[in-house]
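Asker: Output the structure for:
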Amino acid sequence: MGYILPSSGHVRLHRLWAFATFEDELTPTEHLHVLYCDQCHLAVSVCLQSPTFGAVLKTLNREDDSDDGDDEIKAG
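Answerer: The predicted model follows:
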């Protein structure tokens, strides 16, 4: 069974981290979304360049993130 995108329509940040670190695969729906969503594409790029998930949160200004997927992703 695949993952359903959260109500915000974005792929959850922890899913993008897992994908970028080869811990998990994205579903076809998530892959397609990342291709067309600038915010999620940016988040994957940050994940690929960051040594830890905490560093990702800091870079995206989401240090207090509960990762509910509803917040807008913004670079710091």
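Asker: Strands of this structure, residue ranges please.
Answerer: Counting by DSSP state E, the chain has no strands to list.
Asker: Tell me which residue lies nearest the centroid of it.
Answerer: Nearest residue to the geometric centre of the chain (CA atoms, centre = their mean): residue 13, 2.9 Å.
Asker: which stretches of the protein form helices?
Answerer: For the chain, helices defined by DSSP state H occupy the ranges 13-20, 28-36, 38-49, 53-59.
Asker: For those helices, could you give me CSV that also reports mean pLDDT?
Answerer: Below are the helices of the chain laid out as CSV (pLDDT from 0 to 100):
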stretch, mean pLDDT
helix 13-20, 95
helix 28-36, 93
helix 38-49, 94
helix 53-59, 93
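Asker: which of those sits most buried?
Answerer: helix 13-20 (a mean of 21; mean count of other CB atoms under 10 Å). Where you see a C-beta, it was placed from the backbone N, CA and C, and this is true even at glycine.
Asker: I'd guessed the residue nearest to the centre of the chain sits against residue 61; true?
Answerer: No - Residue 13 lies out of contact with residue 61 (CB atoms under 8 Å); the separation is 12.0 Å.
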